[in-house]
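>>> got a sequence here, can you model it:
(one chain, ligands or ions: 1)
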Amino acid sequence: MSAPQEQGQAHGIEIRNLYKIFGPDAARHLPAVKAGLGKEELHDRHDHVLGLCDISLSVPPGRITVVMGLSGSGKSTLIRHVNGLIAPTAGQVICGGQDVAAMSDVRLRAFRREKTAMVFQKFALLPHRTVLENARYGLDIRGLPAAEADGRARRWIERVGLKGYEGYYPRQLSGGMQQRVGLARALTNDAEILLMDEAFSALDPLIRVDMQSILLELQKELRKTIVFITHDLDEALRLGDKIAILRDGAMEQVGTGQEIVLRPANAYVADFVREVNRGRIIEAQTIATPAAPGAALPGFTVKARSKLDRVAQRMVEAGAGAAQVRDPQGQLLGVIDLPAILNAMVNSADAESEE
Ligand SMILES: Nc1ncnc2c1ncn2[C@@H]1O[C@H](COP(=O)(O)OP(=O)(O)OP(=O)(O)O)[C@@H](O)[C@H]1O
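Modelled structure (predicted):
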């Protein structure tokens with residue numbers, strides 16, 4: 001009866017000047033934190049923990065925003081503000097024109113249940129329920145007719161590659177398969193916003209890459225607003241349309257993977273991206289420079305989104321020292337040459353940090 005909402009326009013999320021101080025007297029310490037009191041001093045002098053410090057982040061609708069940082073940097077705290085599991089000490093989390101932090105309990109519960117779905121590192125499946133029952137659990141809670149809940153759940157179970165396993169129990173499945181159930185459950189809920197907290201971190205490396213591929217494949221069509229937490233840079237670079245790097249509760253840099261790898265904002269981020277294989281990340285379009293007016297264009301052409309290691313390989317094979325970079329519509333974006341490619345690929349990511 002009730003129409004599926006797959007076609008519904010996903011909302012973005014605006015996080016504005018968010019502060020979270022853990023401790024009984026959080027509000028009292030807020031002015032000092034705003035004036036620059038750091039995490040360590042707050043802890044040592046006042047026995048409070050600075051969870052988040054002046055975080056502003058625009059999470060675009062229909063895209064994957066990755067929040068990354070080391071353990072304790074505030075990733076989980078941030079994602080839990082998005083669905084109101086944690087209330088901020090100050091600041092706003094705006095979704096669909098509403099401040100999540102200002103919602104009444106009833107409204108917040110409805111928002112959490114209907115607009116958001118979470119995928120956890122530890123899967124959080126119900127052990128005594130089958131794959132099908134786990135996947136449809138959220139719909140059961142919402143009181144959907146059984147036949148409809150069943151139909152929707154089966155569809156997503158199939159989409160994550162688990163057709164035939166509907167009657168299995170979680171303990172009968174591998175970790176990767178259990179997390180597919182976690183994903184199917186989140187998708188069955190049909191929420192616009194997917195919150196994924198280290199969702200693939202417990203999986204073996206190959207399975208993890210598999211799950212990333214499944215998510216990317218589904219996302220092409222689903223266009224959910226996804227906030228994905230990870231401490232793994234490779235995962236962040238693979239998944240993130242946008243990446244936010246946290247340290248000690250503060251935002252170090254927000255940007256695309258290309259921007260972060262090529263132009264780390266400071267020494268900390270530079271350190272983070274130092275080991276990255278830049279040739280496999282940076283795209284031709286990122287380093288293309290405008291063709292000189294009137295100059296002849298190189299005879300060789302590469303695609304805008306081709307990664308530099310492939311571009312270099314093809315250029316060397318073709319004996320080309322330079323190439324045009326064109327987008328899928330054939331539009332000229334600029335030119336690149338081998339020295340520029342090598343320069344971008346060489347791992348000299350020490351930030352020219354001004355400070
Ligand atoms: N309920 C709480 N009470 C007190 N301090 C907390 C609480 N929750 C989190 N913290 C502290 O806030 C900071 C950020 O923690 P958070 O769990 O968000 O980090 P994280 O980046 O998700 O780390 P991890 O990758 O280890 O999960 C840490 O210093 C943590 O100890």
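
>>> distance of the residue positioned nearest the centre of the chain relative to residue 51?
Compute the mean C-alpha point of the chain, and by C-alpha atoms, centre = their mean the closest residue is residue 66, 2.4 Å away. Counting by C-beta to C-beta, to the nearest Å, the separation of residue 66 from residue 51 is 19 Å. Every C-beta, even on glycine, is put in place using the N, C-alpha and C of the backbone.

>>> kindly report the same for residue 92.
16 Å.

>>> the two: which has the busier surroundings?
residue 51 (27 against 18; other C-beta atoms under 10 Å).

>>> mind listing what the more buried one touches?
Neighbouring residues of residue 51 by C-beta atoms under 8 Å, 6 or more residues apart in numbering: 20-22, 74, 77, 86, 249.

>>> tabulate the residues you listed (a markdown table), appending secondary structure, neighbour count and distance to residue 186.
Formatted as a markdown table, the contacts of residue 51 follow (DSSP: H, G, I helix; E, B strand; the rest coil; neighbours: other C-beta atoms under 10 Å; distance: C-beta to C-beta, whole Å):
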| residue | secondary structure | neighbour count | distance to residue 186 |
| --- | --- | --- | --- |
| 20 | strand | 24 | 25 |
| 21 | strand | 26 | 30 |
| 22 | strand | 15 | 28 |
| 74 | coil | 24 | 23 |
| 77 | helix | 22 | 21 |
| 86 | coil | 19 | 20 |
| 249 | coil | 27 | 27 |
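
>>> just the residues you listed that are near the ligand?
Of the residues in the contacts of residue 51, proximity to the ligand by C-beta under 6 Å from any ligand atom holds for 22, 74, 77.

>>> any idea which element the residue nearest to the centre of the chain lies in?
Assigned by DSSP states H and E, residue 66 falls within strand 64-68.

>>> cool, residue 194 as well?
Short version: residue 194 belongs to strand 193-197, going by DSSP H and E.

>>> now the helix or strand just after that strand: buried residues?
Toward the C-terminus, strand 193-197 is succeeded by helix 205-222 as the next helix or strand (DSSP H and E). Buried positions in helix 205-222, judged by neighbour count with 16 or more other C-beta atoms under 10 Å: 207-208, 210-212, 214-215, 218-219, 222.

>>> from those residues, which is closest to the ligand?
residue 208 (16.0 Å; C-beta to the nearest ligand atom).

>>> residues touching the closest one, list them.
200-201, 235.

>>> same thing with residue 69?
So residue 69 contacts 75, 231, 245-247, 252 (C-beta under 8 Å, 6+ apart).

>>> tell me what the closest residue to it other than its chain neighbours is bridged to.
Leaving aside its chain neighbours, residue 69 sits nearest to residue 246 (3.6 Å; criterion: C-beta to C-beta, 6 or more residues apart in numbering). Assessed by DSSP bridges, residue 246 has beta-bridge partners residue 251.

>>> got a list of what residue 246 touches?
55, 67-69, 73-75, 78, 252.

>>> out of those, which comes closest to residue 310?
Within these, proximity to residue 310 (C-beta to C-beta) peaks at residue 68, which comes in at 25.3 Å.

>>> next, the spatially closest residue to that closest one that is not a sequence neighbour: secondary structure please.
In space, residue 68 comes closest to residue 236 once its chain neighbours are excluded; the distance is 4.6 Å by C-beta to C-beta, 6+ apart. Under the three-state scheme (DSSP: H, G, I helix; E, B strand; the rest coil), residue 236 adopts helix.

>>> equivalent analysis for residue 127, please.
coil.

>>> and for it, the neighbour number?
8.

>>> contact residues of the chain facing the ligand?
So far as C-beta under 6 Å from any ligand atom goes, the chain lies against the ligand at 22, 49, 51, 69, 71-77, 231.

>>> centroid-wise, who is the farthest residue in the protein?
Max distance from the centre of the chain (C-alpha atoms, centre = their mean): residue 294, 42.5 Å.

>>> now that residue: phi and psi?
For residue 294, the backbone dihedrals (degrees, to the nearest 10) come out as phi 80, psi -20.

>>> show the pLDDT at it.
At residue 294, the model reports a pLDDT of 83.

>>> what's near enough to touch it?
With C-beta under 8 Å, 6+ apart, residue 294 has no contacts at all.

>>> try the one 5 residues further on
Residue 299 sits next to residue 320 when contact means C-beta under 8 Å, 6+ apart.
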